[in-house]
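1. I would like to see how this sequence folds:
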Amino acid sequence: MHSSPLAPSARRVDENSIRLLPKAEVHVHLEGTFELADLLELAKESKVALPGPAATLFDIDTHFAESAGHPGGAGAGAAGLSGFLRFLDWECGLIRTAAQAARTAYRFAARQSASGIRYTDVIINPTHWSGWPGTIDSLFDALAQGFAEAEQDGLCQVQMALSLLRTQTRAEATGVVEWLVEARPARVIALSVDGNERESGRTGEKFAEAFTMARDAGLRRTVHAGESSGPEGVWDALLLLHAERIDHGVRSIEDPRLVDYIAEHGIPLDVCPRSNLTLGVYPDMERHPLAELRERGVIVTVNTDDPAPIGTRLESEWALCADSYGWDENDMIDLARTSIAASFATPELKASLLAELAPLA
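-> Numbering: from 1, shown residues only. Just a heads-up that it's a prediction; the model follows:
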């Protein structure tokens, strides 16, 4: 039985002890991992003006406003999800060369390793990369080269989930999957979809053909749902898009039948608590449903989503959960075990990491 929500912790879980745990991360966007120094460097190289003062570049509401009538959260989320996504467009538009893309991939793997992350399924949405001069295959080739170099240097192993954008058409989505199936780009192992559910409306039916093609071709599937929309988006992801994991999924809590379904079928929810608070999905950890979902038997992983603008790292996310819900070291080991099992790593790597973790339990 897990600790009750908001129970006081007997001893605070130290972030360094979390770093030492072998683990995976399964919900993080490459577009949301550019540190401030990276952005300043890229802007100078590409001769692009900053949208706001350098010292407050992640105060996104000062240069990218939220849609009218939809207030955002705090910090980087003060401009809401739509403003946040426009900021990601600007960031990725700074990448102009293969060397820059490969460098971005390598630095990402290094940052993951600094948090003790041994394997990552990283999400990449090519529609954000508007400054890229080449084709989609050349972008993913450059990123794969950076990840391969990082792995050769002993850093975190990274594989990619290509993400569709909710506003793309049915034909665009199937075209992307046709390319994936034919080209089989290195390190791209999964199909995803992200974007603002609240603005796009339900898109499950539109993308059903693309995700069915992906399933039939042996690609893995992970779908953003239950963040800016309610439980209906999660149902669509499961029943129409053949989702093996749900990114976010926290609003499943609003439908008890859905919670029971997810628990019974072992569908992991890849939750990002600080992102949810930053973007105003929930006001605080007390009202966040993470602990309740876990108590009700749902498989839950804890992730960073877009760590650089949000100002977090994976060990901080896990420590936040420990502080908020009274979770202890055993809960951290359980999170590590769950992260590995829920990942799209090879069976061999999963077995190796789980064996390394076993003596700590």
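
2. who does Thr120 bridge with?
-> Per DSSP bridges, residues listed as beta-bridge partners of Thr120: Glu25, Val158.

3. show me where the stretch 51-200 of the chain has strands.
-> Ranges of strands in the stretch 51-200 of the chain, per DSSP state E, counting those that start in this stretch, are 117-124, 157-165, 188-194.

4. for this structure, where's the lowest mean pLDDT among helices and strands?
-> helix 197-200 (a mean of 73; mean pLDDT, DSSP states H and E).

5. in it, what's buried?
-> With burial defined by 16 or more other CB atoms under 10 Å, the residues of helix 197-200 counted as buried are Glu197, Arg198, Ser200. Quick note: C-beta positions are derived from backbone N, CA and C, even for glycine.

6. the closest residue to Ile189 other than its chain neighbours: how many residues sit nearby?
-> The shortest distance from Ile189 to any non-neighbouring residue, by CB to CB, 6 or more residues apart in numbering, is to Gln159 (4.9 Å). Residues near Gln159, counting by other CB atoms under 10 Å, number 20.

7. rewinding a little: tell me which helix or strand comes right after the least confident helix or strand of the chain.
-> helix 204-216 (DSSP states H and E).

8. low-confidence ranges, the chain, go.
-> The chain contains residues with pLDDT under 70 at 1-11, 61-80.

9. just to revisit the earlier point, can you put the buried residues of helix 197-200 in TSV and add distance to Val48?
-> As requested, the buried residues of helix 197-200 are exported to TSV (distance: CB to CB, whole Å):
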residue	distance to Val48
Glu197	30
Arg198	30
Ser200	28
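
10. ok, so of those residues, who is nearest Arg287?
-> Of all those, Arg287 sits closest to Arg198, with 19.1 Å by CB to CB.

11. state the distance from that closest one to Arg313.
-> Going from Arg198 to Arg313 by CB to CB, to the nearest Å gives 28 Å.

12. what's stretch 200-220 in contact with?
-> By CB atoms under 8 Å, 6 or more residues apart in numbering, the residues outside stretch 200-220 that reach it are 161, 164, 166-167, 169-170, 173-174, 176-178, 180-181, 189-191, 193, 197, 221, 223, 229, 232-233, 236-237, 239-244, 344.
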